[in-house]
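J.: pasting the sequence and the predicted coordinates here, then a few questions.
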Amino acid sequence: MIRGTVLIAQEVCKGCELCIAACPQECLGLSEQLNIKGYRYVRLIRETCTGCINCALVCPDAAITVFREPKGAAKKTLVVQPAT
Ligand code: SF4
Ligand code: SF4
């Protein structure tokens, strides 16, 4: 199985939850803390990410960068970094 992970720009996130709804693996959730803008921000809550990029595609603020790594691979590959 392809494994992935996400890097979330916490200070950019406005907590709209679009990415949470779009994630088929249910591996995103809102933090309890607030960011500098006063929003609860998204974070990875499970290690089940497959790198499908759904979350990055729906984020209106381009706050998510997805990395994908074939099982056993030594090096991660950048999949998508939405334009800001
Ligand atoms: S890349 Fe896919 S599986 Fe990973 S957090 Fe985003 S929507 Fe979920
Ligand atoms: S879609 Fe983007 S702005 Fe909205 S909660 Fe997810 S990371 Fe934050």
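T.: Looks like it arrived, so ask away. Ligands and ions are numbered 1, 2, ... in the order given.
J.: can you count the residues close to the nearest residue to C59 once chain neighbours are set aside?
T.: The spatial neighbour of C59 that comes closest, neighbours along the chain excluded (CB to CB, 6 or more residues apart in numbering), is C19 at 5.4 Å. (Each C-beta comes from the backbone N, C-alpha and C, glycine too.) Using other CB atoms under 10 Å, C19 has 22 other residues around it.
J.: measure C19 to A56 for me?
T.: The gap separating C19 from A56 is 8 Å, by CB to CB, to the nearest Å.
J.: and for T5?
T.: Applying CB to CB, the value for T5 to A56 is 12 Å.
J.: quick check: neighbours shared by those two?
T.: The contact sets of T5 and A56 overlap at V66 (CB atoms under 8 Å, 6 or more residues apart in numbering).
J.: the two - which one has more neighbours?
T.: Set T5 next to A56 and count neighbours by other CB under 10 Å: A56 wins out with 22 against 16.
J.: what about the more buried one, helix or strand, and which?
T.: Per DSSP states H and E: A56 is located in helix 54-58.
J.: list the contacts of the residue nearest to C59.
T.: Counting by CB under 8 Å, 6+ apart, C19 has contacts 28, 42, 54-56, 58-59, 64.
J.: wasn't it part of a strand?
T.: No. According to DSSP: H, G, I helix; E, B strand; the rest coil, C19 belongs to no strand; its state is helix.
J.: measure it to ligand 2 for me?
T.: To ligand 2, C19 is 3 Å away according to CB to the nearest ligand atom, to the nearest Å.
J.: how about the helices in the protein?
T.: 18-22, 54-58 (DSSP state H).
J.: just name the most buried of those.
T.: Mean neighbour count, computed with mean count of other CB atoms under 10 Å, is highest for helix 54-58 among those, reaching a mean of 19.
J.: who does that helix touch, helix- and strand-wise?
T.: Judged by 3 or more CB pairs under 8 Å, 6 or more residues apart in numbering; DSSP states H and E, helix 54-58 is in contact with helix 18-22, strand 64-69.
J.: send the alpha carbons of that helix over as CSV?
T.: C-alpha atoms of helix 54-58 as CSV (Å, rounded to 0.1, in the frame of the first residue of the first chain):
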residue,chain,number,x,y,z
ASN,A,54,-7.8,15.0,-1.8
CYS,A,55,-7.1,17.3,1.2
ALA,A,56,-4.7,19.5,-0.7
LEU,A,57,-7.0,19.8,-3.7
VAL,A,58,-10.0,21.1,-1.6
